[in-house]
Every structure is written in structure tokens, then in C-alpha cells.
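A.B. asks: Got a sequence here, can you build the structure:
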Amino acid sequence: MLLGFSLLDALYQTVTTVTTVGFREVQEFSPVEQVYTIVLILAGVGTVLYTLSMFIETMIEGHVGSLLERRRMQREIDSMQGHAIVCGWGRVGSVVAHQLAAAGQEVVVVDSDEARLAGVPFPTVHGDATQDEVLRRCGVDRASMLFATLATDAASLYLVLSARSLNPGLRIVARGRTPDADTKFLRAGADKVINPQRIGGARIAAAALQPHVVDFLDVVMHDRGVEFRMAEVQIVEGSPLAGRTVGDWRGQDEAGALLLAMRRGSGAFLTNPPRDTRLATGDILIAVGTDEQLAGLRREAGRAGTT
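C.D. replies: Numbering: from 1, shown residues only. Reported below is the predicted structural model:
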């Protein structure tokens, strides 16, 4: 318009120039108008192409970046062996995952809500954990344990059935919400059922009645800053401990871990076992000691040799 074009002519000439369509000049161009058109083409078309390329790049990078990250994470999951699968990233599931990671266990988290998985510091799988395909993506056939902490008992129960059918040797721990859920979960294939409300209530009462006992258990089970830890150790076949009595073991290892209890193959606990109690393959020893002492006990219990 500054060159003398009418509003419509100026708009028409600008649009046909910037879009590189061309058509015709609405007026005869003088040298000044030709130079202006050259500048307009270079600046206008360049600006349009740059804006369009930035928009496409932003769209592609977001999608492709997410896809590449998902593939990288899936490759990481595919390389895992003996890991733990936490199904449901809620208040309970998040605590379970962090406790497992603190103990050195590899963790995979699966949840149907993609927004909840944002920021999870572990490999994740987005999907319905009750579906076999989703569990396979989590590596359920190679996992050692699975935690069912979904929103409802019905969903967790279905998950337990699916996971047990895909991996018969998997250790499954389920979170139960209702008092009668335990029996159903155990029938479905769960190894252990935990009711957080019931346990929480018992801990609250115990904290009032026996506060020092509760504090001691918290320290040896969860506090990484103390020297002593509590652990369970299983005696494998061929271990030097198999066939010995508790007295023999304690006599040869006075500086070792302190044996609090043991669990026989029948499932019964024997607390403070007498010295003449004979250890056997498959027994679970529950002991307290330093990391070094517990590591020594694990070596003895897991080492094949002659008794």
C-alpha cells in the first residue's frame, strides 16, 4: 500500500508472492517494486518455511523421542533376570518399589495410568496388568517376584491368576483390602496376602504398648545407617550347615550372626531353637548380624560341600 497499491491489490500481490503461486502482477512493476518483491519473497517464504519446519520438528521430536525412550526401556526390561514386578503405582506400590530397590532388587513398574508413570525412577510398562501381553512385556516369565497392588481386589485377583499361569514358580504377594480376601487370593495362586490396614492398625497398637520393640524392629529391618541387620537365609542341598546342630554351628562361629528363629519345611516357626536342634536342607534361618556376618552365613548356607 505504501507503494501505491490499493488494499485489495496489496493483499492479493502479497499472498501470491509469499505463497510462491505468482499468477500475475496487478500493476506494472518499477525497479523499486521489483526489489521490494525480491525482499518480500526471501523474507516471507523463509519465515513461513522456518515456522513450518519448527512446528513439524517439535511434533516429530516429541513423538519420536517418546518412542525411542520406550524402546530403550523395553530393551532394558528384556535384559533383566530375577527382577520384581510391581503392579500399580499407588501409595502402597511406590513404597514397595523403593524398598525393593534399596535392597538391591531390580524393579519394573506397570500401571494403566500413563500420567502416574511420569517421573517413576524405575523401568515402566504402560498397560493393564491383568492382560497377559502386558505381563509378558514386563518379563513375567523371567521375574522372581510380583506384587499385586491394584486399585481393587477383583483386579488384583485376576492379576494373580494371570501371573501364576504364565510363571508357576513366581513368588506372588498380593495386597488385600477386605477381610475375606486372603482365602481367595491364596486359592488363586498368591504366596502371601498383606492387608495394609490390618497391619497398620496392629503397628499403631504395638507402638503404644511396646514402643521399644517396634523401634528395634524398624531399625534392624529398614534403617540403613545402623550396623546390624535382620535377614533370612535358606540352607540349600549340600550345604555344610545341613546335618549340624545349632550348638555345633554356634560353637564354631561364636562371632557370627545371632540366630533368632528358624522355619522348617512344614512352615512352622521355631523361635530361639535349642542347641540340639539339627539343621536340615530347606530350613530358613532368621538371623541378626552385621552385613559381613550375614554374608558369611549366606555363603555357608548356600555353599555345596560335605557335612
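
A.B. asks: Residue 139 - how many residues pack around it?
C.D. replies: Other residues lying near residue 139 total 22 when counted by other Cβ atoms under 10 Å. For the C-beta atoms, the positions are set from N, CA and C on the backbone; glycine is no exception.

A.B. asks: Can you name the residues that contact it?
C.D. replies: 77-78, 80, 83, 85, 108 (Cβ atoms under 8 Å, 6 or more residues apart in numbering).

A.B. asks: go with 10 Å
C.D. replies: If a contact means Cβ atoms under 10 Å, 6 or more residues apart in numbering, then residue 139 has 74, 77-83, 85, 106, 108, 123, 125, 167 as its contacts.

A.B. asks: Mind checking which of the residues you listed land in strands?
C.D. replies: Under the assignment DSSP state E, these contribute 85, 108, 125 to strands.

A.B. asks: so what's the residue nearest to the last one when sequence neighbours are not counted scoring on pLDDT?
C.D. replies: Translated: residue 125. Distance criterion Cβ to Cβ, 6 or more residues apart in numbering; nearest residue to residue 125, sequence neighbours excluded, is residue 110 at 4.4 Å. On pLDDT, residue 110 comes in at 95.

A.B. asks: my guess is residue 110 contacts residue 83, does it?
C.D. replies: No - using Cβ atoms under 10 Å, residue 110 makes no contact with residue 83, being 12.0 Å away.

A.B. asks: The two - which one has more neighbours?
C.D. replies: Of the pair residue 110 and residue 83, residue 110 is the one with more neighbours under other Cβ under 10 Å, namely 27 against 22.

A.B. asks: Provide the secondary structure category for that one.
C.D. replies: For residue 110, the secondary structure call by DSSP: H, G, I helix; E, B strand; the rest coil comes out as strand.

A.B. asks: ranges for the helices of the protein?
C.D. replies: 7-18, 31-78, 91-102, 114-117, 132-137, 153-166, 181-188, 196-209, 211-222, 246-252, 291-302 (DSSP state H).

A.B. asks: Quick one: residues contacting residue 170.
C.D. replies: Counting by Cβ under 10 Å, 6+ apart, residue 170 touches 85, 135, 140-146, 160, 163-164, 189, 191.

A.B. asks: Quick one: those residues as CSV, columns for pLDDT and neighbour count too.
C.D. replies: Shown next, in CSV, are those (pLDDT from 0 to 100; neighbours: other Cβ atoms under 10 Å):
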residue, pLDDT, neighbour count
85, 96, 29
135, 95, 27
140, 95, 23
141, 94, 11
142, 95, 15
143, 95, 25
144, 95, 16
145, 96, 17
146, 96, 30
160, 95, 28
163, 95, 27
164, 95, 18
189, 92, 17
191, 93, 15
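
A.B. asks: Need the residues touching each of residue 110 and residue 83.
C.D. replies: The overlap between the contact sets of residue 110 and residue 83 (Cβ under 10 Å, 6+ apart) consists of 123, 138, 140, 146.

A.B. asks: got the contact list for the second one?
C.D. replies: What that stands for is residue 138. By Cβ under 10 Å, 6+ apart, the contact list for residue 138 reads 74, 77, 80, 83, 85-87, 108-110, 123-125, 127, 129, 146, 163, 166.

A.B. asks: Quick one: buried ones out of those?
C.D. replies: Buried by 16 or more other Cβ atoms under 10 Å: 77, 80, 83, 85-87, 108-110, 123-125, 127, 129, 146, 163, 166, out of the contacts of residue 138.

A.B. asks: From what I see, residue 298 and residue 233 are in contact.
C.D. replies: Yes - contact criterion Cβ under 10 Å: residue 298 and residue 233 qualify, at 5.3 Å.

A.B. asks: Quickly list what's touching both of the two.
C.D. replies: Both residue 298 and residue 233 are contacted by 257, 285, 287, under the criterion Cβ under 10 Å, 6+ apart.

A.B. asks: Burial check on residue 104, number of neighbours?
C.D. replies: Residue 104 has 6 neighbours, counted by other Cβ under 10 Å.

A.B. asks: Could I get the contacts of residue 170 in a markdown table, plus columns for distance to residue 292?
C.D. replies: Output for the contacts of residue 170, formatted as a markdown table (distance: Cβ to Cβ, whole Å):
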| residue | distance to residue 292 |
| --- | --- |
| 85 | 31 |
| 135 | 38 |
| 140 | 35 |
| 141 | 35 |
| 142 | 31 |
| 143 | 30 |
| 144 | 25 |
| 145 | 26 |
| 146 | 32 |
| 160 | 38 |
| 163 | 36 |
| 164 | 38 |
| 189 | 38 |
| 191 | 30 |
